[in-house]
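*Asks:* fold the stuff below for me.
(2 chains)
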Amino acid sequence: MPRLSSYLLPTEKQAPADAEAISHKLMVRAGLVRQLGAGLWTYMPAGWRAHENAAQIVREEMDRIGSQEILMPVLNPAELWQRSGRYEIDEVFKLQDRKGAEMVLAMTNEEVVTFHVASLVRSYRQLPFSLYHVQTKERDEPRPRAGLLRTREFIMKDAYTFDRDRAGLDEHYERFRGAYDRIFDRAGLEWYRVESDVGMMGGFGAHEYMAPCAAGENDVALAPGYAANVEVASAEPTAVELPAPRDAPEEVPTPGLTTIAEVAGKLGLPEGALLKAFPVIAEGRGLVLVVVRGDHQINDIKLTNALGTTFRPAREDEFAQRIGPPGSMGPVGADVPVLLDDAVAPGPYVTGANREGLHLRGVEPGRDFPFKRGDVRRVEPGDTVDGHAIRIEPAIEVGNIFKLGTRFSEPFGATYLDENGAEQLIWMGSYGIGPARICAAAVEQFADEQGISWPRSLTPFDVHLVGLGREGTEERALAERLYEELCEAGLDVIYDDREDVGPGGKFADAELLGCPLRLTVGKRSLASGEVEAQVRRGQESRALPLEGAAQAAVDLWQTLA
RNA sequence: CGGGGAGUGGCGCAGUCUGGUAGCGCACCCGGCUGGGGGCCGGGCGGUCGCAGGUUCAAAUCCUGUCUCCCCGACCA
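*Replies:* Here you go, the predicted structure:
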């Protein structure tokens, strides 16, 4: 166990000027990590200990559900990626070897693992099983950010399940879900498991594990018994008070008013009493007019899912003829299919009249224009799920589990012969966790003004022993003895035996580094026969009798989070 | 990729507008004091001012180009 006098823990009083996120500032200040370039980080000894603590929890829980650890190369032949179709992804690093052969740096390992499994599995008797590895991932991110939260190179545990059929995959998936729940509990994080979008990979279901924190990149919609990424979240909209119905749409002059807010203000109506119209070009389908309540916003991912295809906003020259001028568009009389958001209740609305400076009031969906329904809006705080209002919080994704299906077994010919001798595709799932993000999320969630406050399971060291006496003093000898005893008692100890740092500096560094328990030995200990023990989280102090202090520290340690 | 900001010693910064021999705090080295909350005194080391080109008697400073990093957005297995 290290003595700080000879340990590389490069703490800093000031954070790097360009750091914004709490975890970015503190992990650098505490001497855990150093930056090499955009999204490229080196772990210092203490930082690597925390990282490996997280990785070890993951390994234990993977082993526990019978997953087998392997190791696959980062450097892959490009041919595999061309076969899966993922070679086209911009984030894949591409390179050539000296012979000019195309290579890629793996961002995950579906191609490689499926390539092997395709050649190794012949019979249904060999299924199911799962493999995992903990390996460096490379991604040419468009924008690395926030220290360790989004990097171009990082270590990830990725696991792959192989089953005979969809039911087997479902069962396997549940087992991984249980393991993931345990991992994040053990890591000491506050976390949510949320429904997530299956994205461009297709698939049969996916969940993300989200750790709420200020620097998070994702928004999560939360209500009692409900948690979903806002990318896919659905909720009951708040009610909106609509005006009295009319027999037919009625024109209202709105010269110069082109925004929802302006029109609503002029007519004295809530924004939700208006309908907002967005023309989009759906891939392969052409122009579609998407209509949502005036106070709602389109969610691109949900709209993509509702359309069943990708889309882009239409340009004015594409919609002006068939619909109307921007600022006064509406579904009535539009010569295009209308996709009406589910949150639009029946009733009379104000819409654009498709003529400059003119709106319509009393417009009723169905009576005045034909439509198809779809859930395409972004949920808003205050919407309800089962009667409970949702709130929206930022969070960082720390893990994800994903039912791949046969997305990779098809191109790689990963098949087996069933009981009847018929060839069947293997059903796959993939499961990722980033230990670095677990650590960064823990820093984000539990930091205070003084620095980091590690959960017991992740901390680089269990106990931070501060020795205040100098070489040759009696209190120094006492600290040395306690250090030995703590190590013998099985605790990981970092011992601050530095001669050239005063008490203030030592305490400040201890709080910055954030080990759960700090023990201080100085002259006072000699006088009182006691050692000061301070619990990092909450910074409560108590005195431990010198006699048996190591065991008392172990006991206290057991009670910590 | 769009918008904004920044590159001056290990960290944080001033100096740039108005060109004239590069400075401050912290850290570091030496000596001394101090020793339960980043302490004090004295003496030191360390910088081709991101890079390249140009203007000029003279460039950290002006001009051109370029690289890098950060933030917001887009993007994101």
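*Asks:* show me what the longest strand seen in chain A is packed up against.
*Replies:* Assignment by DSSP state E gives strand A:391-405 as the longest strand of chain A. Helices and strands touching strand A:391-405, by 3 or more Cβ pairs under 8 Å, 6 or more residues apart in numbering; DSSP states H and E, are helix A:166-186, strand A:206-212, strand A:218-223, strand A:427-433, helix A:435-446. Quick note: C-beta positions are derived from backbone N, CA and C, even for glycine.
*Asks:* including distance to RNA strand B, mean pLDDT and mean neighbour count, could those go into a markdown table?
*Replies:* Listed next are the helices and strands packed on strand A:391-405 as a markdown table, based on distance: least, Cβ to the nearest atom of the strand, whole Å; pLDDT from 0 to 100; neighbours: other Cβ atoms under 10 Å:
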| stretch | distance to RNA strand B | mean pLDDT | mean neighbour count |
| --- | --- | --- | --- |
| helix A:166-186 | 13 | 96 | 18 |
| strand A:206-212 | 8 | 92 | 24 |
| strand A:218-223 | 7 | 87 | 21 |
| strand A:427-433 | 4 | 95 | 25 |
| helix A:435-446 | 12 | 95 | 27 |
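*Asks:* burial check on the closest residue to RNA strand B within chain A, number of neighbours?
*Replies:* Closest residue of chain A to RNA strand B, Cβ to the nearest atom of the strand: residue A:504 (2.1 Å). For residue A:504, the neighbour count with other Cβ atoms under 10 Å is 8.
*Asks:* got any ranges where the stretch 201-350 of chain A has weak pLDDT?
*Replies:* Residues of the stretch 201-350 of chain A that meet the criterion pLDDT under 70 lie in A:201-202.
*Asks:* try 90
*Replies:* A:201-206, A:214-292, A:294-350 (pLDDT under 90).
*Asks:* determine how far the last residue of stretch A:380-387 lies from the first.
*Replies:* With Cα to Cα, to the nearest Å as the measure, stretch A:380-387 spans 14 Å from end to end.
*Asks:* got a list of contacts for it?
*Replies:* Identification of contacts with stretch A:380-387 by Cβ atoms under 8 Å, 6 or more residues apart in numbering yields A:223-226, A:235-238, A:295-296, A:389-392.
*Asks:* what are the ranges of the strands in the stretch 51-200 of chain A?
*Replies:* Assigned by DSSP state E, counting those that start in this stretch, the stretch 51-200 of chain A shows strands spanning A:68-69, A:75-77, A:93-96, A:102-105, A:129-138, A:153-163, A:192-195.
*Asks:* redo these as TSV? Include mean neighbour count.
*Replies:* Output for those, formatted as TSV (neighbours: other Cβ atoms under 10 Å):
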stretch	mean neighbour count
strand A:68-69	12
strand A:75-77	16
strand A:93-96	13
strand A:102-105	18
strand A:129-138	18
strand A:153-163	23
strand A:192-195	20
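*Asks:* out of those, which is closest to residue A:425?
*Replies:* Among those, the nearest to residue A:425 by Cβ to Cβ is strand A:153-163 (10.4 Å).
*Asks:* just checking: what are the partner strands of the closest one?
*Replies:* Strand pairing for strand A:153-163, determined by DSSP bridges: strand A:129-138 (antiparallel), strand A:427-433 (antiparallel).
*Asks:* could those strands be laid out in a markdown table, adding distance to residue A:442?
*Replies:* Putting the strands paired with strand A:153-163 into a markdown table (distance: least, Cβ to Cβ, whole Å) gives the following:
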| stretch | distance to residue A:442 |
| --- | --- |
| strand A:129-138 | 18 |
| strand A:427-433 | 14 |
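*Asks:* and the helices and strands packed on strand A:391-405 as JSON lines, adding distance to residue A:118?
*Replies:* As requested, these are arranged in JSON lines below (distance: least, Cβ to Cβ, whole Å):
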{"stretch": "helix A:166-186", "distance to residue A:118": "17"}
{"stretch": "strand A:206-212", "distance to residue A:118": "23"}
{"stretch": "strand A:218-223", "distance to residue A:118": "34"}
{"stretch": "strand A:427-433", "distance to residue A:118": "11"}
{"stretch": "helix A:435-446", "distance to residue A:118": "29"}
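*Asks:* give me the nearest residue to the residue nearest the centre of chain A, chain neighbours excluded.
*Replies:* In chain A, the centroid-proximal residue (Cα atoms, centre = their mean) is residue A:397; its distance is 0.9 Å. Leaving aside its chain neighbours, residue A:397 sits nearest to residue A:208 (5.2 Å; criterion: Cβ to Cβ, 6 or more residues apart in numbering).
*Asks:* mind listing what that neighbour touches?
*Replies:* A:193, A:194, A:196, A:218, A:229, A:397, A:399, A:400.
*Asks:* thought the fifth one was touching residue A:197?
*Replies:* In this case it means residue A:229. Yes: the pair residue A:229 / residue A:197 is scored as a contact, 6.8 Å apart, by Cβ atoms under 8 Å.
*Asks:* with neighbour numbers in mind, choose between those two.
*Replies:* Remark: of residue A:229 and residue A:197, residue A:229 carries more neighbours, 22 against 17, as counted by other Cβ under 10 Å.
*Asks:* phi and psi next, for the more buried one.
*Replies:* phi -60, psi 140 (degrees, to the nearest 10).
*Asks:* tell me what it is bridged to.
*Replies:* Bridge pairing for residue A:229 - DSSP bridges - gives residue A:220.
*Asks:* any idea how far it is from residue A:389?
*Replies:* 18 Å (Cβ to Cβ, to the nearest Å).
*Asks:* can you say which of the helices and strands packed on strand A:391-405 is nearest to residue A:555?
*Replies:* Among the helices and strands packed on strand A:391-405, helix A:166-186 sits nearest to residue A:555 (Cβ to Cβ), with 21.0 Å.
*Asks:* what helices and strands are in contact with the closest one?
*Replies:* Using 3+ Cβ pairs under 8 Å, 6+ apart: helix A:166-186 touches helix A:45-64, strand A:153-163, strand A:192-195, strand A:206-212, strand A:391-405, strand A:427-433.
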